[in-house]
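[1] model this:
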Amino acid sequence: MHPLKDLYLHFPFCTGRCEYCAFVSGPPPLDPLAYIDTLLAEARQHNLTFAPLQTLYCGGGTPGLIGSAGFKALNASGLFTFAQGYEWTVELHPRTVTAELLETLATCGVTRLSIGVQSLDDEVLKFCNRRHTAQEALKAVQLARTFIPDTGIDLIAGLPGVDDTLWQETLARCIDLDLPHLSIYALSIDEGSMWEKRGISPPDAESVCDAIAMASARLAEVGLQRYETSNYAREGYRCQHNLNTWHGGNYAGLGRGAASRIGRMRRAGDGTEEPLNELDDALERALTQLRLDEGFCVAACIERFPCLAPYAKAWATILADFHQHGLLTATYAPTTRGYEILDALERALLECVYTE
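    From the prediction side, this is the model:
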């Protein structure tokens with residue numbers, strides 16, 4: 001295996017738990033530098049070697065909770081170097097955004113920030129136990145962009161208490177920020193979360209799809225193009241780390257809860273490893289590209305993964321049928337409504353393989 005060029009670091013720390021979340025997380029680290037040592041030990045344990053990185057993504061949890069000292073230690077750790085034109089993304093919670101931390105991140109070479117806003121209504125944020133206000137989120141974004149201009153935000157569609165009017169107001173306030181990138185995720189309620197235990201369910205799928213379709217149209221009007229199921233960006237601001245994953249590339253994950261995909265090995269966030277055969281590996285890497293606006297080319301797919309050649313004719317027929325029904329464009333990229341049925345499209349393509 002060649003040295004890896006894409007790395008994800010997981011920081012499983014939170015000051016509290018959002019009501020819909022059951023991700024792996026715990027309280028802020030007493031010693032951030034000790035956690036950096038843990039990441040280094042994990043890399044040694046798995047014999048991971050890294051070429052100069054094209055992308056580094058620090059996600060969570062709340063990476064900002066390791067503070068300036070933690071990021072300085074990470075940057076000086078020797079775990080990675082960077083290739084020319086690299087991308088280094090750090091996720092931040094609004095309340096961890098300070099001038100001191102931002103100055104440290106910029107000095108260390110962070111090129112991109114993603115701030116978890118989720119909503120711009122205080123009552124909704126309180127109901128979610130997000131632990132920040134709308135005004136704090138807006139101030140955090142504005143401050144962050146003075147240090148690192150490539151700063152985007154996350155929103156959640158389908159949160160309880162958000163009707164069409166409030167959703168439109170939320171989109172308008174986001175547009176006023178003139179952001180280069182925005183992610184909109186459909187609400188999912190994790191098994192074991194507080195909302196799941198209280199019997200709170202997401203709204204019906206149709207209303208969530210309508211909200212996302214509304215957002216897609218509105219954001220396109222201001223130059224934020226939907227380039228993946230949940231992501232919108234201006235020209236030149238697409239997240240390169242995530243694009244590597246959706247293109248079926250290799251990546252390493254370090255930290256409690258981080259997954260890896262290296263060769264024909266998939267390592268889950270709990271550390272369990274699963275070897276894949278040639279066919280399963282090819283299918284997994286090929287079909288993630290259905291999420292993108294670039295279109296799905298069967299010929300290019302077969303050239304990259306020759307073992308999929310027996311299914312080319314059947315796949316072409318299925319894709320043409322979805323196109324005829326307005327769910328895929330002429331290049332087999334999802335239309336607005338096509339994004340809503342990608343699971344069905346993937347199942348249809350997989351049935352050609354596994355029902356033989």
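[2] show me what contacts the residue at minimal distance from the centre of the chain?
    Taking CA atoms, centre = their mean as the criterion, Asn242 is the residue nearest the geometric centre of the chain, at 6.3 Å. Applying CB atoms under 8 Å, 6 or more residues apart in numbering, we find Asn242 in contact with 57, 228, 231. C-beta coordinates here come from the backbone N, C-alpha and C atoms, glycine included.
[3] In the stretch 201-350 of the chain, where is pLDDT below threshold?
    By pLDDT under 70, the stretch 201-350 of the chain contains no weakly predicted segment.
[4] Recalculate using a threshold of 90.
    Regions of the stretch 201-350 of the chain meeting the criterion pLDDT under 90 cover residues 201-204, 256-257, 268-272.
[5] in it, which spans are strands?
    Using DSSP state E, counting those that start in this stretch, the strands found in the stretch 201-350 of the chain span residues 225-228, 231-233, 252-254, 260-262, 265-267, 273-275.
[6] Can you say which of those is packed in most?
    Stretch with highest mean neighbour count among those: strand 231-233 (a mean of 24; mean count of other CB atoms under 10 Å).
[7] Output the contacting helices and strands for that one.
    strand 181-186, helix 205-221, strand 225-228 (3 or more CB pairs under 8 Å, 6 or more residues apart in numbering; DSSP states H and E).
[8] what's the spacing between stretch 286-299 and its chain's center?
    Relative to its parent chain, stretch 286-299 has a centroid offset of 17 Å by CA atoms, centre = their mean, to the nearest Å.
[9] Could you do stretch 299-313 as well?
    Centroid separation for stretch 299-313 versus its chain: 28 Å, with CA atoms, centre = their mean.
[10] Could you do stretch 159-166 as well?
    23 Å.
[11] Then stretch 248-260?
    Counting by CA atoms, centre = their mean, stretch 248-260 is centred 13 Å from the centre of its parent chain.
[12] In space, what's closest to Thr146 - neighbours in sequence excluded?
    In space, and not counting its chain neighbours, Thr146 is closest to Leu102: 7.8 Å by CB to CB, 6 or more residues apart in numbering.
[13] for the strand or helix carrying that neighbour, which positions count as buried?
    Per DSSP states H and E, Leu102 falls inside helix 99-108. Buried residues in helix 99-108, defined by neighbour count with 16 or more other CB atoms under 10 Å: 101-102, 104-105.
[14] Next: stretch 24-38.
    25, 28-29, 32, 35-36.
[15] quick one, what contacts Arg112?
    By CB under 8 Å, 6+ apart, Arg112 lies in contact with 87-90, 148, 150-152, 181, 239.
[16] now with 10 Å?
    55-57, 87-91, 105, 148-152, 180-181, 237, 239-241 (CB atoms under 10 Å, 6 or more residues apart in numbering).
[17] go on, Thr133?
    Here Thr133 is in contact with 94-95, 120-122, 125-126, 139 (CB under 10 Å, 6+ apart).
[18] Kindly report the same for Thr331.
    Thr331 makes contact with 293-297, 323, according to CB under 10 Å, 6+ apart.
[19] now with 6 Å?
    Taking CB atoms under 6 Å, 6 or more residues apart in numbering, we find Thr331 in contact with Gly295.
[20] Likewise for Ser68?
    Ser68 sits next to 100-101, 104 when contact means CB under 6 Å, 6+ apart.
[21] From those residues, pick the one nearest Glu191.
    Of all those, Leu101 has the smallest distance to Glu191: 33.0 Å, by CB to CB.
[22] Give the closest residue to Thr55 in space, chain neighbours not counted.
    The shortest distance from Thr55 to any non-neighbouring residue, by CB to CB, 6+ apart, is to His241 (3.8 Å).
[23] what's the answer for Leu287, then?
    Among residues not flanking Leu287 along the chain, Glu346 sits closest, at 5.4 Å (CB to CB, 6+ apart).
[24] again, but for Ala186
    Val208 (5.0 Å).
[25] The one you found touches Gly158, doesn't it?
    Yes - contact criterion CB atoms under 6 Å: Val208 and Gly158 qualify, at 4.1 Å.
[26] neighbour-wise, which of those two wins?
    Remark: of Val208 and Gly158, Gly158 carries more neighbours, 21 against 18, as counted by other CB atoms under 10 Å.
[27] mean confidence score for stretch 65-77?
    Averaged over stretch 65-77, pLDDT sits at 96.
[28] sorry, back to before: closest to Glu42 out of the buried residues of helix 99-108?
    Distance to Glu42 across these (CB to CB) is lowest for Leu105, with 22.6 Å.
[29] Quick one: residues contacting that closest one.
    Going by CB under 6 Å, 6+ apart, Leu105 touches Val90.
[30] Give me the local confidence score for it.
    For Leu105, pLDDT reads 98.
[31] One more: Glu356?
    57.
[32] coming back round to it: now distance to Thr331 too, for the helices and strands packed on strand 231-233, in TSV please.
    Formatted as TSV, the helices and strands packed on strand 231-233 follow (distance: least, CB to CB, whole Å):
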stretch	distance to Thr331
strand 181-186	23
helix 205-221	17
strand 225-228	14
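[33] Out of the ones you listed, flag the one nearest Cys301.
    Nearest to Cys301 among those is strand 225-228 (17.7 Å), distances taken as CB to CB.
[34] Name the residues that touch the closest one?
    The contact list for strand 225-228, computed with CB under 6 Å, 6+ apart, reads 216, 232-233, 238, 291-293.
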